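Participant: Attaching a predicted model along with its sequence, questions to come.
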Amino acid sequence: MIQSPASPRTEDWAAAPHTFILFGATGDLSRRKLLPALYNLYAAGRIPQPWLFVCVARSEATDETYREEARQAIERFGRQGPVDPDTWRAFSAQLHYVAMDAANPDAYTSLASAVQRWERERGLSGNRIFYLAMAPDFFAPVTAHLHASGLAQTEGFRRLIIEKPFGHDLASAEELNIAIRRVFEESEIYRIDHYLGKEMVQNIEVIRFANSLFEPVWNNRSIAAVQITSSETVGVEDRASYYDRAGALRDMVQNHMLQMVMMVAMEPPSRLKTEAIRDEKVKVLRSLRRYTPEEAARHVVRGQYTAGRIQGQRVPGYREEHGVAPDSHTETFVAARLFVDNFRWAGVPFYIRTGKRMAAKATEIVIQFRDMPKHLYFNESGNLGPNLLVIRVNPVEGMYLQLNAKRPGTEGAVVPVAMEFSQEPDQSPEAYERLLDDAMRGDSTFFTRWDEVSLAWKWVDPIAEAFRADNIALHPYSAGSWGPEAAQTLVKEDGAHWWPVYGQDTLSVDDVLEREYGQAQEVR
Ligand code: BG6
C-alpha cells in the first residue's frame, strides 16, 4: 500500500488539474526519482484528474517507446516494485513524449501547439507545472523560451520547479534569479532541495514544536553542541563534469546541510504557514556567523578521497575517477564548525560534516545536551555520558534518546540506555513524492526561497574563496574511512568528538550497549 504524503500543515491546499511538463525526461533524475514519484502519487490517488504529463528530451522516441522506458525505470528504481497493470495503463495513457532540443527556441512553437491540443482534448484549462530536470545552464534559456512561445503565458496557474545547483556563487545565483524572475514570480518558483522532502527532516519541526519535553531545553542553556553528519559511500559516479566544478561545499553544504541547520535552529513560527516558517528559517541564516577566508581556515576542514575499500571492494581515488582532472583540488569532504549568533544559540557549536566514499551512508543529527555535574552519580568506569537526542534521517528513519540509568545489580553504576523509535521501512513516501505533491498543491513551504539561497551563498562564498586560494589544506582521506584526521581535530579542539552514526562499526545503540554491558538496556 502506498502511503500518501498528505500535508501536516493547516493551509487548505488542494491540487487542481494541470499539465505537468518534464524537461530532461530521459535523464538520471527523471528515471531514478521523478518518474517513480509521479507514478506512486498517481497510484495513491494524489494526482488530480484529468492530468496531462508531457515528457520532453532530446532523444528520438515515440510515446510507446518512451512509456516502455519509463515503466522499466519505475520498476527498477521505485519503491513499489512491479507496476500494477491497470494503474500503469491509466497512468501511461496520460503521458506523451516530445523529442526536441530545449536549447532551440523554434522547437517550442510545436511543443506549445501539441500541449494546447492535448489540453483541449482533456478539458484542461491551462494550469501548467514545468519541471526542469536538466543541467543548470539550461534554466535561464528554457524559461525565456517558455515565455516567448506562450507556454508560460497561461490563464491558469504556472509553476516552475528547478533543481539545484542554483548558481555557483552569489553572483551567478543572482544573475540566474534575475533571468527566471523575468518570467516567473517568486511565488511561482519552486527551488528543490530534496532534503526538505525527507520525512525525518520535516519531522524536526514536529519533534521540536509538538513536544513540551524538548522546546524548553532547546537552547544554549541545555544544549552543548549539535552535530550533523551526511556521509555517503558512493564516489563521484558519472557526474564528474558537474562535481569537479562544484565540490562538497556547493553540492551538499550550501543547500542540504544548511537546510538541516535551519530546521534545528529556527524559532517557532508564529503560524504553521508557508511564509511564517520560511521567515524563521531565513533568520537562522542571518544569524549564522560569516567567516572571512582567513577565519574559515580555523573552522572549516576539507578533504579528498584516495583509493581504499568500501564494503570490502577496492575503489579508486577521486583523482583517478573518470572525468576528474588528475590534479583536481576539488573537495569531496567538508567538516565545519558553525555558530548561530542569536539569543537561543550563542556559544553552541554546530558541527557539520559531509563526504563521499565514507565508511557508511548515513544522515544523522545529534543534539548533545550539557553534562550533569558528576559528583552524584558516576559510572564505575568513569564515563557518565551526556544525554543525546539523535534524529536519524537516513538510511533508517527514526530517533533515539540516550539517557543514563542505573546498571541493574550494582549500587550506583550508571549505564547509557536508549529510547528508540524507528519508522517502518518503505512506509514513508520518498522525498520527491512529497515535494511533487506539495508543488501540485501550490505549497512551497519545503522549497527554498530566494533569500535562503542568497544568504546561503553569502556564507559559502568566502569559504569557497579560501578553498580556491588554497588557504585551507586539502587533506587526503582513504575511501571507506570517516574522513581526514583534521575533521577529528576540529571537534577535539573543543574537547568533543564525533558521535558515531548508524552503520559505523562502533555505533548502533544496541550494539554498543550489548557489547559493553552484555545486554541492551532499552526502553521502547
Ligand atoms: C544531491 C547531491 O543533492 O544529494 C549528491 O548532488 C548526493 O551528490 C545526494 O549524492 C545525496 O542525497 P541523499 O538523499 O542520497 O542523501
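Facilitator: Here it is on my side, so go on.
Participant: R298 - that's part of a helix, no?
Facilitator: Yes: the assignment for R298 by DSSP: H, G, I helix; E, B strand; the rest coil puts it in a helix.
Participant: ok, so what distance separates it from S328?
Facilitator: 25 Å (Cβ to Cβ, to the nearest Å). C-beta here means a position set from N, CA and C on the backbone, and glycine is covered the same way.
Participant: In the chain, what residue lies closest to the ligand?
Facilitator: Residue nearest to the ligand within the chain: D251 (4.7 Å; Cβ to the nearest ligand atom).
Participant: Once you drop chain neighbours, what's closest to that residue?
Facilitator: Y243 (6.4 Å; Cβ to Cβ, 6 or more residues apart in numbering).
Participant: Quick check, the one you found in contact with V236.
Facilitator: Yes: between Y243 and V236 there is a contact under Cβ atoms under 8 Å: 4.9 Å.
Participant: Compare neighbour counts for R298 and S328 and give me the winner.
Facilitator: The neighbour count for R298 versus S328, taken as other Cβ atoms under 10 Å, is higher for S328 (20 against 11).
Participant: Was I right to think that one contacts E320?
Facilitator: No: using Cβ under 8 Å, S328 is not in contact with E320, being 10.3 Å away.
Participant: tell me the SS of S230?
Facilitator: Applying three-state DSSP: S230 is strand.
Participant: how about it, what does it touch?
Facilitator: M252, H256, M257, M260, R353, T354, A362, T363, V393 (Cβ atoms under 8 Å, 6 or more residues apart in numbering).
Participant: For it, name its beta-bridge partners.
Facilitator: Under DSSP bridges, the beta-bridge partners of S230 are T354, T363.
Participant: Name the residue closest to the centre of the chain, please.
Facilitator: Y195 (2.1 Å; Cα atoms, centre = their mean).
Participant: pLDDT score assigned to it?
Facilitator: Note for Y195: predicted pLDDT of 96.
Participant: Over to P395?
Facilitator: 89.
Participant: Give me the neighbour count for L170.
Facilitator: 18.
Participant: F209 too?
Facilitator: F209 has 15 nearby residues by other Cβ under 10 Å.
Participant: Contact distance from the ligand - what residues of the stretch 351-500 of the chain qualify?
Facilitator: T363, N394 (Cβ under 6 Å from any ligand atom).
Participant: Show me the shaky parts of the stretch 251-400 of the chain.
Facilitator: 374-383 (pLDDT under 70).
Participant: And the chain, by the same measure?
Facilitator: For the chain, the ranges with pLDDT under 70 are 1-12, 374-383, 425-427, 503-524.
Participant: let's see it at 50
Facilitator: 1-8, 10, 506-507, 515-524 (pLDDT under 50).
Participant: What parts of it come near the ligand?
Facilitator: So the chain meets the ligand at E232, D251, T363, N394 (Cβ under 6 Å from any ligand atom).
Participant: Looking at these, spot the one nearest W459.
Facilitator: D251 (15.3 Å; Cβ to Cβ).
Participant: Surely the closest one is in a strand?
Facilitator: No: applying three-state DSSP, one finds D251 to be helix, outside a strand.
Participant: Relative to the centre of this protein, find the outermost residue for me.
Facilitator: E411 (46.4 Å).
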